[in-house]
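**Q** Okay, sequence plus prediction incoming.
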Amino acid sequence: MNSPSVLPTCDEQVKMLYERLEGMSEAWSYAVIRPDLPTVPVVATAPQASQGLSRKSTLIHTSTSLPALPFHFNMESLLVGPWKTVALVVLVALAIRISFKPKRNLPPGPKGLPVLGNVFQLPKTQQFHRLTEWKEEFGMTFKLQSNPTFIIHVGPVFSLNLAGQTMVVLNSHKVAGDLLDRRSTIYSDRPRSGLIGVLSYDGSGSHLQSIYRFIMVGEILSRYLAIPFCGYGDLWRKMRKAAHEGLNIRASEVYQPLQEKEAAILVDNMLKDPNSWDDQLQRSAASTVLTAVYGMESIKSKDDPLVAQINDFGQRVTRAALPGAYLVEIFPVMRYLPEALAPWKKEGNEWFRKDTAMFKALLDEAHNKNAGQVKPSFVATLIERKSGQLSTTEAAWLAGQLFAAGFETTAGALTVFILAMRLYPNVMKRAQAEIDAVVGRDRLPTFEDRDHLPYIRAIVKEVLRWRPGVPLGVPRRAMKDDFYEGYFIPEGSLVMANIWAMNHDPAMFPDHDEFRPERFLDETGTVDVVPADTRNQGHFSFGFGRRICVGLNLANQALFIDIASLLWAANIEPAYDETGAEIIPSRTEFVDKGVVVVHSRPVSFKCNIVPRSEDVTAVLEVAKTKFTTIVSGVLLSYRQQEEEEE
Ligand code: HEM
């Protein structure tokens, strides 16, 4: 190792080192006790790094409040001259301490207040932005020029202290893959009754949100029957298996005719009432998921009583999770009170009974409707296969939760698409040219065209990457103590995947904030290019590991056919205000929906949806009726195929 030309003398080095050691953290000291290294390079790192440097990886450390030591420190020099005894004592003491008490450094993170920790540092909405800023701040990787084998990752993981609750935030796909995929036996649980969500401060200085717990929502309102929040255990396994059977890539194909029909209805409605385009997207997403899950007829309005009823459930859950909504969240022991002394508990139990009755009625109705009919639906598959031997209550909740989990996320992604078309008209033009060349103007696109529409496939990926609907994923819970890259992740930590940061990682997605579907195609524009580690999706918006979104195939299909049909039929053009100025929608404003899991979608905006040609309506009319008759045929052939395979 080459030393800089002007070095302090040995004694000077030791003196400086000891001056620096005084009052500094232990991590500093590790640098001194790496006897396996002939010299210890000393460089400056950011102060935050100290919190996360691990025993294994720590070679170097100093504080930015002090200038970096301008030399390479020679270990031998410690052990000569009058400092010998002192140095030996220090070394032995440190060695003993480190050997007998393994250092449990949490991942680094922003410095917080005593007791409350980082509570005040999180904004009320768009927390993913703040977390991504912290990723930049703590996202450092050090590689020693002098010794490149020693790489120190200080970054892609950081931790927050939320009034005593550790939250570990994973900011790179590598870390998320290492933990959520490859250590899925530790990280597939969801938080149960404990802190959940993000504490936040509204910035005005007046309003500290209290702690979100999960007792009312998890224990009382849903009794952990809601699969997205269900703990990692037998019930979740049974539900997940059943959901997978009905929604895996092959099984999802059976819903394609339904989705084609829904797409035709969506486009028709949007052209008839362009001002209500956002409502139409929500209606259509609700309808697609309901028809796929229960085999129902299309929903006519987004205010359909059934949609309203299920939404009501969602809102109740959201309200219950709101800070301060129930005292039991602050004094968990209250959960053991009898109903007579706890009206909130009585109310919660009552709602659980009512919601269970609603989900069961939906299940029964779907069952009866489907009896003797050939109509594809998730529920039909569930009943037919008696998947995983779920009880009726469990099956009813599972189906209801698919709707709850799938409706807003899909609607939000479609809003992102409209936003992207307004902001990137060239993308729209290129997509329409592709559709016209492949499909022509006499019919709507179908799933059979999918293989020949690479640019539309790329748009679907880019929509999900650019503005992910669940930017911080759904929280996980570490089921036991774990170490990662020398960092300690204690059992019970909330573990969040910062999907936003991963989808906007400049190393993986250059010009990440631009909407550029081309990034998913090769230079010929015909072959899909999907970055490694994205499970063939091109992004991380569906989550990770065993708890990855179970409805992703249904969602990808819905987005493909809706986008292709919309672009075939309509131009998405600017709207103008009273002064005649073009209304330019915001690319950064989002509506955060929900509390426990924050869904995020662009705020609604005005635009003009205009038919591309006069004969569009006639083609749509034909399409709407044609698809209904195809549905039964497809299901029959799917079942025949399956029987043959069995
Ligand atoms: C664009 C649309 C969608 C997005 C962006 C999305 C995103 C997500 C994410 C991020 C998770 C958490 C994964 C994790 O913990 O790592 C999730 C879970 C889930 N999603 Fe989706 N989702 C979408 C559509 C759907 C649809 C259409 C359905 C149902 C038909 C669905 C059903 C579920 C369920 C049941 C879970 C919980 C899985 C479990 O905990 O085992 N999602 N989704």
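**A** Sure thing, it's come through. Numbers count the residues shown, from 1 in each chain.

**Q** Please count neighbours and contacts with C-alpha atoms only from this point.
**A** Will do.

**Q** If you count neighbours, what's buried in the helix of greatest length in the chain?
**A** Taking DSSP state H as the criterion, the chain has its longest helix at helix 392-423. Across helix 392-423, burial judged by 16 or more other CA atoms under 10 Å covers 394-423.

**Q** So for that helix, mean pLDDT?
**A** Averaged across helix 392-423, the pLDDT comes to 92.

**Q** is that helix up against the ligand anywhere?
**A** Yes: for helix 392-423, a contact with the ligand is found by CA under 6 Å from any ligand atom, at L402, F403, A405, G406, T409, T410, A413.

**Q** Is T166 located within a helix, as I assumed?
**A** No: assigned with DSSP: H, G, I helix; E, B strand; the rest coil, T166 falls outside any helix and is strand.

**Q** Pull the number of nearby residues for the nearest residue to it once chain neighbours are set aside.
**A** Leaving aside its chain neighbours, T166 sits nearest to S493 (5.0 Å; criterion: CA to CA, 6 or more residues apart in numbering). The local packing of S493 (other CA atoms under 10 Å) involves 23 other residues.

**Q** My read is that S493 contacts D482, right?
**A** No: the criterion here is CA atoms under 8 Å, and S493 misses it with D482 at 10.1 Å.

**Q** ok, the residue nearest to Q282 when sequence neighbours are not counted - contacts?
**A** Distances taken as CA to CA, 6+ apart put A411 closest to Q282, at 5.1 Å, once the chain neighbours are dropped. Contact partners of A411, counting by CA atoms under 8 Å, 6 or more residues apart in numbering, are L281, Q282, S284, A285, A286.

**Q** Specify which member of these is nearest to the ligand.
**A** Closest to the ligand out of the contacts of A411 is A285 (8.5 Å), distances taken as CA to the nearest ligand atom.

**Q** so that closest one makes contact with E408?
**A** Yes: in this structure A285 lies within contact range of E408 using CA under 8 Å: 7.4 Å.

**Q** Tell me how many other residues crowd whatever residue of the stretch 151-300 of the chain ends up closest to the ligand.
**A** As assessed by CA to the nearest ligand atom, the ligand sits closest to P228 within the stretch 151-300 of the chain, at 3.7 Å. Neighbours of P228 under the rule other CA under 10 Å: 21.

**Q** residue contacts, it?
**A** Q401, A405, V474.

**Q** how about stretch 434-447: buried residues?
**A** By 16+ other CA under 10 Å, the buried positions in stretch 434-447 come out as E434, I435, V439, R441, R443, L444, P445, T446, F447.

**Q** And I572, which helix or strand is it part of?
**A** In the assignment (DSSP states H and E), I572 maps to strand 570-574.

**Q** Mind giving me the packing neighbours of that strand?
**A** If you count contacts as 3 or more CA pairs under 8 Å, 6 or more residues apart in numbering; DSSP states H and E, strand 570-574 packs onto helix 392-423, strand 607-611.

**Q** For this protein, what lies in contact range of the ligand?
**A** Neighbours of the ligand within the chain, by CA under 6 Å from any ligand atom: 227-228, 240, 402-403, 405-406, 409-410, 413, 469-470, 473-474, 541-544, 547-552, 554-555.

**Q** let's see it at 5 Å
**A** 228, 402, 405-406, 409-410, 469, 473-474, 542-544, 547-551, 555 (CA under 5 Å from any ligand atom).

**Q** so where do the strands sit in the chain?
**A** 39-41, 72-74, 141-143, 151-153, 157-162, 165-170, 476-477, 482-484, 487-489, 494-497, 570-574, 590-593, 599-602, 607-611 (DSSP state E).

**Q** Tell me which of the ones you listed lies nearest to I456.
**A** Minimum separation from I456 across those (CA to CA) falls at strand 570-574, 14.8 Å.

**Q** strands paired with that closest one, and their directions?
**A** Strand pairing for strand 570-574, using DSSP bridges, gives strand 607-611 (antiparallel).

**Q** Now do the partner strand against helix 392-423, angle only.
**A** 90 degrees (axes from the mean of the first three to the mean of the last three CA atoms, to 10 degrees).

**Q** Send me strand 607-611 as PDB with only the CA atoms.
**A** Output in PDB follows, covering the C-alpha atoms of strand 607-611 (Å, rounded to 0.1, in the frame of the first residue of the first chain):
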ATOM      1  CA  CYS A 607     -58.100  16.600 -20.100                       C
ATOM      2  CA  ASN A 608     -60.000  16.000 -23.400                       C
ATOM      3  CA  ILE A 609     -60.700  12.400 -24.500                       C
ATOM      4  CA  VAL A 610     -61.500  12.600 -28.200                       C
ATOM      5  CA  PRO A 611     -62.400   9.800 -30.500                       C
END
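
**Q** which residues does the residue lying closest to D268 once chain neighbours are set aside contact?
**A** Distance criterion CA to CA, 6+ apart; nearest residue to D268, sequence neighbours excluded, is L620 at 6.5 Å. Taking CA under 8 Å, 6+ apart, we find L620 in contact with A264, I265, V267, D268, L444.

**Q** do the same with G412
**A** G469, S600, R601, P602.

**Q** Let's see that with 6 Å instead.
**A** G412 makes contact with R601 under the criterion CA atoms under 6 Å, 6 or more residues apart in numbering.

**Q** Next one: it relative to G486, how far apart?
**A** Distance, G412 to G486, by CA to CA, to the nearest Å: 39 Å.

**Q** Assess the claim that M167 and L494 are in contact.
**A** Yes: using CA atoms under 6 Å, M167 is in contact with L494, at 4.6 Å.

**Q** Tell me which residue in the stretch 1-150 of the chain sits closest to the ligand.
**A** Closest residue of the stretch 1-150 of the chain to the ligand, CA to the nearest ligand atom: F128 (13.3 Å).

**Q** What about that residue, how many residues nearby?
**A** Neighbours of F128 (other CA under 10 Å): 20.

**Q** quick one: it and M502, what's the gap?
**A** As judged by CA to CA, F128 and M502 stand 11 Å apart.

**Q** nearest residue to S222 other than its sequence neighbours?
**A** Of all residues not flanking S222 in the chain, F352 sits nearest, at 6.1 Å (CA to CA, 6+ apart).

**Q** same question, D522
**A** Nearest one to D522, counting by CA to CA, 6+ apart, is V529 at 6.0 Å.

**Q** Surely the one you found and E518 touch.
**A** No: taking contacts as CA under 6 Å, V529 lies outside contact range of E518: 9.1 Å.

**Q** I'd like to know how far the residue in the stretch 351-500 of the chain that the ligand sits nearest to sits from G314.
**A** Per CA to the nearest ligand atom, G406 is where the stretch 351-500 of the chain lies closest to the ligand, at 3.3 Å. Distance, G406 to G314, using CA to CA: 12 Å.

**Q** G231 too?
**A** Look at G231 and G314: by CA to CA, they are 19 Å apart.

**Q** Would you mind telling me which of the two has the busier surroundings?
**A** Per other CA under 10 Å, whichever of G231 and G314 has more neighbours is G231, with 21 against 16.
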